[in-house]
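Participant: Got a predicted structure plus its sequence, pasted below:
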Amino acid sequence: MKTIKKEIYYISNLVSILRILLIIPVSYLLLYKFESENTLIIILVLCMYFSDLLDGYLARKLNQVSEFGKIIDPLADKIAVISIAIILLILGKIPIWYVSVIVIRDVLILSFGIYLDKKKDIRLMSNYPGKIAVFSIGLIILFAVINNPVLIQINSYLYIVSMLIILYSSFLYFIRFRATVNN
């Protein structure tokens with residue numbers, strides 16, 4: 001427990017915590033100021049995305065890879081993506097089937113992660129296809145927030161590409177999960 005308290009204050013983990021905290025103003029602005037504060041929303045969403053890249057980089061660069069970081073980073077991603085996706089669904093900016101896939105994917109990955117943590121004391125790191133899947137989800141969210149007709153048209157094709165990447169990365173994650181359980 002003492003180690004986790006210390007790890008919370010690692011710069012990389014503070015960046016992940018900041019990403020979670022940014023959900024509050026982003027959610028408020030999306031729900032109540034979507035048209036009038038769109039530029040600020042875009043900036044905050046981009047800050048959230050870059051914080052995801054930054055925390056991993058800092059963890060490796062500063063030798064701060066930690067058990068707490070392995071939990072808080074993907075949790076911050078899941079909370080951010082699901083929160084923003086649900087708000088965009090409520091606003092009619094992205095379809096329910098896509099939000100459902102995101103939520104189901106993240107709930108399954110979180111459930112598998114909790115199971116492995118409790119039963120085997122193992123935390124699976126995200127894989128490259130998983131990072132690409134999250135990037136594609138983030139791009140769809142960003143394009144929906146930008147609310148430009150051309151980008152919305154691109155999103156109609158990007159949904160299909162994103163869905164294929166999500167399915168592929170989820171399949172690979174499940175294979176890794178099953179292999180870890182069977183060891």
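Facilitator: Structure's in. What do you need?
Participant: in stretch 96-111, what's buried?
Facilitator: For stretch 96-111, burial by neighbour count (16 or more other CB atoms under 10 Å) applies to 98-99, 101-103, 105-106, 109. Heads up, the C-betas are built off the backbone N, CA and C, glycines and all.
Participant: nearest to Ala133, of those residues?
Facilitator: If you rank the buried residues of stretch 96-111 by distance to Ala133 using CB to CB, Arg105 comes first, at 7.9 Å.
Participant: secondary structure element for the closest one?
Facilitator: Arg105 belongs to helix 96-120 when assigned by DSSP states H and E.
Participant: helices or strands up against whichever helix or strand comes after that helix?
Facilitator: Using DSSP H and E, the helix or strand that follows helix 96-120 towards the C-terminus is helix 128-146. Applying 3 or more CB pairs under 8 Å, 6 or more residues apart in numbering; DSSP states H and E, one finds that helix 128-146 contacts helix 38-61, helix 67-90, helix 96-120, helix 149-182.
Participant: ok and helix 128-146 relative to helix 96-120, angle-wise?
Facilitator: 140 degrees (axes from the mean of the first three to the mean of the last three CA atoms, to 10 degrees).
Participant: can you give me how far helix 128-146 is from the chain middle?
Facilitator: Here the centre of mass of C-alpha atoms in helix 128-146, compared against the chain's by CA atoms, centre = their mean, to the nearest Å, lies 9 Å away.
Participant: residues contacting the one residue sitting closest to the centre of the chain?
Facilitator: Centroid-nearest residue in the chain: Asp77, 2.7 Å away (criterion: CA atoms, centre = their mean). Contacts for Asp77 (CB atoms under 8 Å, 6 or more residues apart in numbering) come out as 19, 52, 134.
Participant: sorry, back to before: against which helices or strands is the helix holding Arg105 packed?
Facilitator: Going by 3+ CB pairs under 8 Å, 6+ apart, helix 96-120 lies up against helix 67-90, helix 128-146, helix 149-182.
Participant: For Asn155, list the residues it contacts.
Facilitator: When contacts are counted by CB under 8 Å, 6+ apart, Asn155 touches 94, 140, 143-144.
Participant: Name only those of those that count as buried.
Facilitator: 94, 140, 143-144.
Participant: for the protein, which spans come out with low pLDDT?
Facilitator: For the chain, applying pLDDT under 70 flags the ranges 1-4.
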